[in-house]
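Enquirer: Sequence and predicted structure are below.
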Amino acid sequence: MRRLNVGFGALSWLVVAGLVWTMKVAGQEVTSTLLPIALGFGVDTTTGPRHEIFGLWRAYLSDRPDSARANRYWSNAEQRRWPRYDLTGGYIYQGSDWAADTRITLVELAPAVPGDSDVYVIRTLYVRAPDSVGAAIQPRALQRVYAVRERGRWVLAGALPRLTASWPRAIIGPITFIYSPSHRFDRRKAERSARFVDSLSRAIGVTVPRRLTFVVAPSPDELARITGLDFCLSPLGRAYPDDALVMSGLPSYGEWYPHELAHVIFRSLEGKLPGPPFFVEGAATWVGGSRGRDYPTLVRELRAVLRERPTLTLDSIVAPHEWTDSISYTSAAVLFDMAHEHGGQRAIRQLLGATDASVTGVFATLEQAIGLPRPELNVAWRHRVMTAGE
Ligand SMILES: [Zn+2]
């Protein structure tokens, strides 16, 4: 059997996969079944801080990192500032069985600045396990997190505060903009975003989030990098509503990114966990557009689709197998428009407060918020798409 060095000497995959391991974190005993982590070439985890940091990292990865709950592995200071502290999580740990088809390799564990032993960088490669011999290797992400000292112990910390520490800042209305030194700050766009946040918050009756932060990166790759993803499918932009954090990675968007800002503002109308994606995306698209297009433009595009496909109904759009961004986001946005017309703020709260993401659940919520039974809803929705703005 191929043997891999996993830090406590040479152990096989099988042995490591089932290893139940106990360590002390912040004075408390933590027991977990460890995920197998292979070590990249030349990575030393055997002595001193490296040994301790590797143990901490492995314990974190083995203890449901997808759940993003407060935990003892991560810096307290960062958790206070960002409830969703691991910004890379949504790209790597999806669901409780995220590791089942993933091979994890630690490719670097070293001082972040050579010779300085206060901050370490931990780089980890996640690869989707090939289905069959000869199948292509599918790298999922090359992730960067840090280990820092906090109250006398090592804790994990994110890339964003470190990689943007020297970036310029500007406070415009309720938003703190942090932008790349290579980016020319566009005050007009920033002011437009600030006005959007104020007026949307007023319109739906919520307070503007405290410490609303907007990071402007010069490219999708750079946006991924400062998030802690040295390699990943690079997003054009991203909102972390629980953190009141919006990130933009497309120069043409820059400081004006209403869709992602809307996610942050609407978050307070949702429950502890975000509601059904159909409603969450519908709300943001209704007030903030999507993919650089505003709501009226998107409705015109949807109208063209409905003309081409007369049999397309709301039922098939809500059904999971028909979930596509271009159609479903706008379809849901139109329903928000109808709900707002019917029941104002109360109806918007009903949609965003929904918790049942099943097809039946989504329709039950829509019937309540718009005041129409399902068959009539379908007809009214199509009519609205075909006539909006005319
Ligand atoms: Zn969205």
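Expert: Cool, got the structure.
Enquirer: I'd guessed R238 sits against Y257; true?
Expert: No. Assessed by C-beta atoms under 8 Å, R238 is found out of contact with Y257, at 9.6 Å. Just so you know, the C-beta spots here come from the backbone N, C-alpha and C atoms, and that holds for glycine as well.
Enquirer: Need the residues touching each of the two.
Expert: Each of V246 lies in contact with both R238 and Y257 under the rule C-beta atoms under 8 Å, 6 or more residues apart in numbering.
Enquirer: Neighbour count: the two, which is higher?
Expert: Ranked by neighbour count (other C-beta atoms under 10 Å), R238 and Y257 place Y257 first, with 27 against 21.
Enquirer: out of everything not next to it in sequence, what's closest to the more buried one?
Expert: S248 (4.6 Å; C-beta to C-beta, 6 or more residues apart in numbering).
Enquirer: Pull the distance from stretch 231-238 to the chain's centre.
Expert: Centroid separation for stretch 231-238 versus its chain: 10 Å, with C-alpha atoms, centre = their mean, to the nearest Å.
Enquirer: Equivalent analysis for stretch 287-304, please.
Expert: Using C-alpha atoms, centre = their mean, the offset of stretch 287-304 from its chain centre is 23 Å.
Enquirer: helices or strands up against the helix or strand harbouring V155?
Expert: For V155, the enclosing helix or strand under DSSP states H and E is strand 153-157. Counting contacts by 3 or more C-beta pairs under 8 Å, 6 or more residues apart in numbering; DSSP states H and E, strand 153-157 packs against helix 48-62, strand 138-150.
Enquirer: relative to strand 138-150, how tilted is that strand?
Expert: Relative orientation of strand 153-157 and strand 138-150, computed by axes from the mean of the first three to the mean of the last three C-alpha atoms, to 10 degrees: 140 degrees.
Enquirer: re the thing from before, for G282, find the nearest of the helices and strands packed on strand 153-157.
Expert: Comparison of the helices and strands packed on strand 153-157 against G282 by C-beta to C-beta identifies strand 138-150 as nearest, at 28.6 Å.
Enquirer: list the buried ones in the closest one?
Expert: Neighbour counts over strand 138-150 (16 or more other C-beta atoms under 10 Å) mark R140, A141, L142, Q143, R144, V145, Y146, A147, V148, E150 as buried.
Enquirer: go on, stretch 95-107?
Expert: Across stretch 95-107, burial judged by 16+ other C-beta under 10 Å covers W98, A99, T102, R103, I104, T105, L106, V107.
Enquirer: Return the member of those residues nearest to the ion.
Expert: Relative to the ion, the closest of the buried residues of stretch 95-107 is W98; by C-beta to the ion it sits at 21.4 Å.
Enquirer: Now the closest one: closest residue in space that isn't a chain neighbour?
Expert: Distances taken as C-beta to C-beta, 6+ apart put D66 closest to W98, at 5.6 Å, once the chain neighbours are dropped.
Enquirer: Test my guess that the one you found contacts D97.
Expert: No. If you go by C-beta under 8 Å, D66 and D97 don't touch, sitting 9.1 Å apart.
Enquirer: show me the residues around V287 that make contact.
Expert: So V287 contacts L200, P258, A262, Y295 (C-beta under 8 Å, 6+ apart).
Enquirer: Name the helix or strand for it, please.
Expert: helix 277-288.
Enquirer: can you tell me the average pLDDT over that helix?
Expert: Taken as a whole, helix 277-288 carries a mean pLDDT of 95.
Enquirer: quick one, whatever helix or strand comes next after it and helix 277-288 angle?
Expert: The helix or strand immediately downstream of helix 277-288 is helix 295-308, counting by DSSP H and E. Angle, helix 295-308 to helix 277-288, by the same axes, to 10 degrees: 130 degrees.
Enquirer: and E367, what is it in contact with?
Expert: Contacts of E367 (C-beta under 8 Å, 6+ apart): P373, R374, L377.
Enquirer: Pick out whichever of those residues sits closest to H342.
Expert: Nearest to H342 out of these is L377 (C-beta to C-beta; 11.0 Å).
Enquirer: mind checking the end-to-end distance for stretch 201-220?
Expert: The first residue of stretch 201-220 is 28 Å away from its last residue (C-alpha to C-alpha, to the nearest Å).
Enquirer: Could you tell me how far it lies from the centre of the chain?
Expert: Centre-to-centre, stretch 201-220 and its host chain are 15 Å apart (C-alpha atoms, centre = their mean).
Enquirer: and if you look at stretch 195-212?
Expert: 21 Å.
Enquirer: nearest residue to Q368 other than its sequence neighbours?
Expert: Using C-beta to C-beta, 6+ apart, the nearest residue to Q368 is Q350, at 5.8 Å.
Enquirer: Which positions within the longest helix along the chain qualify as buried?
Expert: Ordering each helix of the chain by length in residues (DSSP state H) puts helix 325-352 first. In terms of neighbour count (16+ other C-beta under 10 Å), helix 325-352 has its buried residues at 327-340, 343, 347-352.
Enquirer: one step back: so which of the helices and strands packed on strand 153-157 comes closest to L229?
Expert: Comparing those against L229 with C-beta to C-beta, the closest turns out to be strand 138-150 (5.4 Å).
Enquirer: ok, back up a step: with respect to the ion, which of the buried residues of strand 138-150 is nearest?
Expert: Of all these, the ion sits closest to A141, with 20.3 Å by C-beta to the ion.
Enquirer: I'd guess Y126 is in a strand, am I close?
Expert: Yes. When DSSP: H, G, I helix; E, B strand; the rest coil is applied, Y126 is found to be in a strand.
Enquirer: Am I right that it is in contact with L106?
Expert: No. Using C-beta under 8 Å, Y126 makes no contact with L106, being 10.9 Å away.
Enquirer: Alongside the ion, which residues does the chain contribute?
Expert: E281, A284 (C-beta under 5 Å from the ion).
Enquirer: In the chain, what residue spans correspond to helices?
Expert: Going by DSSP H, the chain shows helices at 13-17, 48-62, 76-81, 89-92, 159-163, 187-204, 220-227, 258-266, 277-288, 295-308, 314-318, 325-352, 359-370, 374-387.
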